[in-house]
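In: sequence unknown, structure follows:
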């Protein structure tokens, strides 16, 4: 594990935070919950346009998007099952990197095919905006773009490798951010990857986890 690099105030990049063993264990934990929480295709509010990214969740609450809007809910939108527990490896990373925040209640799991991307957006559906968002990367590298708290602010990009962690908090908690592209070709060139690729992750694909605290302490979970 390495120390953090401040990309902006409150936006801290931790290259290689999860070593090969931790990445492999996280992949196994995620695979174990796919029976009751399989990846599904979310849709944009109002238009119903499908995302290019597939999603699932872990933890008491799961973030979903469909024609009715963005929200957190207790159950998978297709299976109706409660979300599985947040993986122990991810919880431990939160305890190391967000120790001053209340425990996470949601862990959004994004699955990126080689051509998928995520446009610039803010994570602002949470009641508790004092707690940071913690991002963990598995699989193919990606170009992460970040800017300021206004959509028109200048942006920069940084390459995220498997095992990297990113803390989005403090003055950057509402910074616009997204994924420009997946570097599938870079993953394919690695003769000896740093960690075994999870069984559910095809070659050249990326998996990203974002842990969030949703409610304030003493608040009521979403329905």
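Out: Yep, it's here. Remember, it's a predicted structure, so these values are computed and weren't measured experimentally. Numbers count the residues shown, from 1 in each chain.

In: and the nearest residue to residue 10 once chain neighbours are set aside, how many residues sit next to it?
Out: Closest residue in space to residue 10, ignoring its immediate chain neighbours: residue 170 at 2.6 Å, by Cβ to Cβ, 6 or more residues apart in numbering. (Each C-beta comes from the backbone N, C-alpha and C, glycine too.) If you count neighbours by other Cβ atoms under 10 Å, residue 170 ends up with 14.

In: quick one: residue 170 from residue 63, how far?
Out: Applying Cβ to Cβ, to the nearest Å, the value for residue 170 to residue 63 is 21 Å.

In: quick one: the helices in this protein?
Out: Assigned by DSSP state H, the helices in the chain fall at 20-32, 88-97, 184-189.

In: will you turn those helices into a markdown table that also has distance to residue 215 and mean neighbour count?
Out: Listed next are the helices of the chain as a markdown table, based on distance: least, Cβ to Cβ, whole Å; neighbours: other Cβ atoms under 10 Å:
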| stretch | distance to residue 215 | mean neighbour count |
| --- | --- | --- |
| helix 20-32 | 24 | 18 |
| helix 88-97 | 16 | 18 |
| helix 184-189 | 37 | 15 |
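
In: would you list these in JSON lines and tack on distance to residue 56?
Out: JSON lines is the format used below for the helices of the chain (distance: least, Cβ to Cβ, whole Å):
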{"stretch": "helix 20-32", "distance to residue 56": "8"}
{"stretch": "helix 88-97", "distance to residue 56": "13"}
{"stretch": "helix 184-189", "distance to residue 56": "21"}
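
In: Contacts for stretch 74-90, please.
Out: When contacts are defined by Cβ atoms under 8 Å, 6 or more residues apart in numbering, stretch 74-90 is touched by residues 18, 22, 25-26, 29-30, 32-33, 36-38, 40, 56-62, 64, 66, 104, 107, 134, 136, 209, 211, 221-223.

In: Pull out the buried residues from those residues.
Out: If you count burial by 16 or more other Cβ atoms under 10 Å, the buried members of the contacts of stretch 74-90 come out as 18, 22, 26, 29-30, 33, 37, 40, 56-62, 64, 66, 104, 107, 134, 136, 209, 211, 222.
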